[in-house]
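*Asks:* Here is my input, please return the structure:
(one chain, ligands or ions: 1)
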Amino acid sequence: MGFIEEIQRRRTFGIISHPDAGKTTLTEKLLLFGGAIQEAGAVKSNKIKKGAASDFMEIERQRGISVATSVLAFEYKGTKINILDTPGHKDFAEDTFRTLTAVDSVIVVVDVAKGVEEQTEKLVKVCRMRNIPMMVFINKLDREGKDAFGLLDEIEEKLGLSLIPLSWPIGIGADLKGIYNRWEKNINLFSGHKKQAVEKTIEIKDLADTMLDDLIGENYAEELREELDLLEGVYPEYDYDEYLAGNQQPVFFGSALNNFGVRELLDAFIEIAPTPQPKKSEERLVDSKEEKFTGFVFKIHANMDPKHRDRLAFIKIVSGTFKRNTPYLHVRNGKKMKFSSPNAFFADKKEIVDESFPGDIVGLHDTGNFKIGDTLTEGELLHFKGIPAFSPEHFRYVNNADPMKSKQLSKGIDQLMDEGVAQLFTLDLNGRKVIGTVGALQYEVIQYRLEHEYTAKCTYEPIQVHKACWVEAEDEFNNEFKEFKRVKHRYLAKDKRGQLVFLADSPFTIQMTQQKFPTVKLHFTSEWND
Ligand code: G4P
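*Replies:* Model prediction:
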């Protein structure tokens with residue numbers, strides 16, 4: 001197969017949802033269709049169980065699963081599908097944000113009874129910022145839930161999406177009769193629990209056909225006809241370009257647990273979901289079809305064995321062919337590096353591969369050379385954009401609890417930050433280190449891992465910070481900026497990249513600061529031009 005065919009048959013995407021909406025179940029059913037697994041239950045949930053905040057076995061279990069399910073690749077009808085796993089727990093939301101920089105599209109799973117939930121809202125917002133093409137799967141149709149029209153309104157309103165239902169439910173919960181597929185013009189009748197992948201649909205060329213009444217009963221048939229009429233009036237026509245531009249989102253209904261409606265989703269997905277997309281670098285737009293290899297690190301996973309401190313860096317291939325044992329330029333440190341055992345990931349195993357193509361993810365063994373966001377090329381000095389840091393929600397001073405181990409502590413903190421476990425800010429005033437996290441759970445993870453992997457001990461101390469604001473000065477030499485730096489000296493810090501950050505103690509402070517220093521802009525993410 002040629003290089004271009006390899007690119008065109010790849011689809012790299014992520015599934016996002018609020019915990020419990022059915023992401024794991026759907027992933028599993030997709031793998032079943034691809035023949036990548038033989039039975040349900042093979043995909044482990046990467047959820048952290050409730051009340052596990054201080055259960056470190058649970059954290060380690062989660063880390064183990066998270067490496068195993070980081071990328072699930074399988075083939076379906078000649079298409080190579082790469083699912084990038086996103087952590088379900090909200091404390092690891094930043095991990096998910098970073099993974100979203102490596103996908104070409106996403107599927108959003110919504111629970112029909114619960115509707116739009118908090119985590120879905122946050123994640124979809126990030127996808128919208130980046131114009132990522134999205135499809136929506138409304139799950140758990142076998143349970144009583146919200147009325148389909150009302151639910152779609154809610155999703156459009158809360159998530160700011162513009163939906164196009166490509167399938168439509170007939171009944172719901174105990175009365176679920178089936179789904180009508182507007183995309184393929186057929187009906188899939190619901191017949192209870194199905195463990196295996198089945199494809200049994202009945203073609204309905206003309207909705208006026210009385211066969212419809214025979215299949216689902218007169219009342220349901222009449223209701224379906226009316227609803228489909230209404231759909232045509234209410235929703236615009238499906239438009240491929242609008243979907244690709246992130247302006248329109250096709251919707252499918254089903255029940256992942258019952259393997260119902262999943263085949264419809266998958267078939268539409270392989271037909272319309274984008275092939276590996278071009279990616280912006282600071283220097284230029286890089287097209288996937290360019291022959292020279294480029295890629296970037298979007299995730300780093302520390303080895304589970306504390307005795308061997310090697311890590312796995314996950315690289316998304318943007319362009320060209322990645323080859324084993326070939327020297328590539330690590331742009332940030334200017335070194336050429338070769339990789340003798342790049343890993344590719346499949347549903348049930350990882351394997352050393354000789355060649356990988358755009359859209360693929362390879363796992364490279366790393367002894368501390370990589371940071372999230374690093375670029376690899378054949379020699380060109382490129383820096384891929386789009387892995388911003390978001391302001392953490394929690395902040396604490398970190399102190400060394402064992403003076404004999406200060407080297408180990410700073411090495412450990414450095415490496416954990418490279419992995420993206422949390423963010424480090426160093427205060428200008430006195431060089432003290434502040435760790436910022438998305439959830440409180442990370443503090444315990446850091447403390448535990450520092451001790452077990454780096455033999456270092458730390459303690460935390462409270463600091464009153466509401467948000468980290470990245471500072472952009474309209475003019476670095478004007479008096480206003482100088483005055484800002486003088487007045488706010490005690491609250492200024494540098495992030496890991498050396499960017500200036502203002503640690504604001506309250507929303508009020510942010511507001512006052514903006515008023516007083518209008519030419520000094522404060523941003524809640526580290527990349528505001530993206
Ligand atoms: P997540 O990864 O998004 O967090 O969700 P997950 O797939 O783990 O699903 C959460 C729960 O919802 C699971 O039940 C799962 O079986 C159930 N579920 C998923 N899809 C459907 C569906 O289509 N219909 C119904 N009725 N339930 C569904 P659980 O009891 O939490 O776990 P388990 O004991 O079944 O594994």
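*Asks:* Can you measure across stretch 432-451, start residue to end residue?
*Replies:* End-to-end distance for stretch 432-451, by Cα to Cα, to the nearest Å: 20 Å.
*Asks:* Measure how far that stretch is from the centre of its chain, please.
*Replies:* 22 Å (Cα atoms, centre = their mean, to the nearest Å).
*Asks:* interface residues of the stretch 51-200 of the chain facing the ligand?
*Replies:* By the rule Cβ under 6 Å from any ligand atom, the part of the stretch 51-200 of the chain lying against the ligand is Gly88, Asn139, Lys140, Asp142, Arg143. Every C-beta, even on glycine, is put in place using the N, C-alpha and C of the backbone.
*Asks:* no wait, the chain
*Replies:* 17, 19-25, 45, 47, 88, 139-140, 142-143, 255-258.
*Asks:* Name the next helix or strand downstream of the helix or strand of the chain with the lowest mean pLDDT, please.
*Replies:* Lowest by mean pLDDT, DSSP states H and E among the helices and strands of the chain is helix 56-68, with a mean of 62. Sequence-wise, the next helix or strand downstream of helix 56-68 (DSSP states H and E) is strand 71-76.
*Asks:* that older thread, for ChimeraX, write the select line for the buried members of the residues of the chain next to the ligand.
*Replies:* Entered in ChimeraX, the line below selects the buried ones among the residues of the chain next to the ligand, by 16 or more other Cβ atoms under 10 Å:
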select :17,19,20,21,22,23,24,25,45,47,88,139,140,142,255,256,257,258
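*Asks:* mind listing which of the residues of the chain next to the ligand are in helices?
*Replies:* Counting by DSSP state H, those place Lys23, Thr24, Thr25 in helices.
*Asks:* about what we covered before: a markdown table for the residues of the stretch 51-200 of the chain next to the ligand, including pLDDT?
*Replies:* Listed next are these as a markdown table, based on pLDDT from 0 to 100:
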| residue | pLDDT |
| --- | --- |
| Gly88 | 66 |
| Asn139 | 97 |
| Lys140 | 96 |
| Asp142 | 93 |
| Arg143 | 93 |
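*Asks:* Most widely separated two among those residues?
*Replies:* Gly88 and Asp142 (21.5 Å; Cβ to Cβ).
*Asks:* Can you give me the distance of the closest residue to Phe3 other than its chain neighbours to the ligand?
*Replies:* The shortest distance from Phe3 to any non-neighbouring residue, by Cβ to Cβ, 6 or more residues apart in numbering, is to Thr321 (6.6 Å). Using Cβ to the nearest ligand atom, to the nearest Å, we find Thr321 at a distance of 34 Å from the ligand.
*Asks:* Please apply the same query to Phe517.
*Replies:* 44 Å.
*Asks:* cool, Glu232 as well?
*Replies:* Taken as Cβ to the nearest ligand atom, the span from Glu232 to the ligand is 27 Å.
*Asks:* can you check Asn343 too?
*Replies:* Per Cβ to the nearest ligand atom, Asn343 is found 24 Å from the ligand.
*Asks:* neighbours around that residue, how many?
*Replies:* 19 (other Cβ atoms under 10 Å).
*Asks:* what do you get for Ser341?
*Replies:* The burial count for Ser341: 12, using other Cβ under 10 Å.
*Asks:* what's the closest non-adjacent residue to it?
*Replies:* Nearest residue to Ser341 in three dimensions, chain neighbours excluded: Ile352, at 4.8 Å (Cβ to Cβ, 6+ apart).
*Asks:* contacting residues for that neighbour?
*Replies:* Counting by Cβ atoms under 8 Å, 6 or more residues apart in numbering, Ile352 makes contact with Arg324, Ser341, Pro342, Asn343, Ala344.
*Asks:* quick revisit: in strands only, show me the residues of the stretch 51-200 of the chain next to the ligand.
*Replies:* Judged by DSSP state E, the subset of those located in strands is Asn139.
*Asks:* With distance to Leu230 as new columns, can the residues of the stretch 51-200 of the chain next to the ligand be given to me in CSV?
*Replies:* Shown next, in CSV, are these (distance: Cβ to Cβ, whole Å):
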residue, distance to Leu230
Gly88, 35
Asn139, 23
Lys140, 23
Asp142, 24
Arg143, 24
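*Asks:* quick check, nearest of the residues of the stretch 51-200 of the chain next to the ligand to Lys316?
*Replies:* Proximity of those to Lys316 was ranked by Cβ to Cβ; the top entry is Gly88 with 21.2 Å.
*Asks:* if we can go back for a sec, and the gap between the residue nearest to Ser341 and Ala313?
*Replies:* 15 Å (Cβ to Cβ, to the nearest Å).
*Asks:* Equivalent analysis for Ser526, please.
*Replies:* Distance from Ser526 to Ala313, by Cβ to Cβ: 20 Å.
*Asks:* which of the two has more neighbours?
*Replies:* Comparing Ser526 with Ala313 by other Cβ under 10 Å, the one with more neighbours is Ala313, at 24 against 19.
*Asks:* which phi and psi does Lys457 have?
*Replies:* phi -120, psi 140 (degrees, to the nearest 10).
*Asks:* Spatially, what comes nearest to it if we skip its sequence neighbours?
*Replies:* Ala401 (3.9 Å).
*Asks:* Let's see the pLDDT reported for the one you found.
*Replies:* pLDDT recorded at Ala401 is 95.
*Asks:* do the same with Ser167
*Replies:* pLDDT recorded at Ser167 is 93.
*Asks:* Could you list the domains of the protein?
*Replies:* 3-74+85-171+236-272, 279-377, 394-523 (automatic domain parsing).
*Asks:* residue ranges of the helices in the stretch 351-500 of the chain, please?
*Replies:* 406-419, 441-454, 479-487 (DSSP state H, counting those that start in this stretch).
*Asks:* Distance to Leu159 and mean pLDDT for those helices - can I get that in CSV?
*Replies:* What follows is the helices of the stretch 351-500 of the chain, written out as CSV (distance: least, Cβ to Cβ, whole Å; pLDDT from 0 to 100):
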stretch, distance to Leu159, mean pLDDT
helix 406-419, 30, 90
helix 441-454, 26, 88
helix 479-487, 37, 95
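*Asks:* okay if I get those helices as CSV plus mean neighbour count?
*Replies:* Listed next are the helices of the stretch 351-500 of the chain as CSV, based on neighbours: other Cβ atoms under 10 Å:
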stretch, mean neighbour count
helix 406-419, 18
helix 441-454, 19
helix 479-487, 14
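*Asks:* export those helices to JSON lines and tack on distance to Ala148?
*Replies:* Shown next, in JSON lines, are the helices of the stretch 351-500 of the chain (distance: least, Cβ to Cβ, whole Å):
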{"stretch": "helix 406-419", "distance to Ala148": "42"}
{"stretch": "helix 441-454", "distance to Ala148": "36"}
{"stretch": "helix 479-487", "distance to Ala148": "52"}
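*Asks:* where does the stretch 51-200 of the chain dip in pLDDT?
*Replies:* Within the stretch 51-200 of the chain, the ranges that satisfy pLDDT under 70 run 51-69, 88-89, 192-200.
*Asks:* and the residue of it found nearest the ligand, what does it touch?
*Replies:* The nearest approach of the stretch 51-200 of the chain to the ligand comes at Lys140, 3.9 Å away (Cβ to the nearest ligand atom). Shown in contact with Lys140 (Cβ under 8 Å, 6+ apart): Ala21, Gly22, Asp111, Val112, Ala113, Ser255, Ala256, Leu257.
*Asks:* What is the nearest of these to Tyr397?
*Replies:* Nearest to Tyr397 among those: Ala21, at 37.0 Å, using Cβ to Cβ.
*Asks:* you'd agree that closest one is up against Glu117?
*Replies:* Yes. The pair Ala21 / Glu117 is scored as a contact, 7.2 Å apart, by Cβ atoms under 8 Å.
*Asks:* Select the longest helix from the protein.
*Replies:* helix 218-234.
*Asks:* can you list contacts of it?
*Replies:* Contact with helix 218-234 is made by 148-149, 165, 168, 170-171, 177, 180, 182, 207-208, 212-213, 215-216, as judged by Cβ under 8 Å, 6+ apart.
*Asks:* Selecting buried members of those in ChimeraX, what would you type?
*Replies:* Filtering those down to the buried ones (16+ other Cβ under 10 Å) takes a single ChimeraX command:
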select :148,165,168,170,171,177,180,182,212,215,216
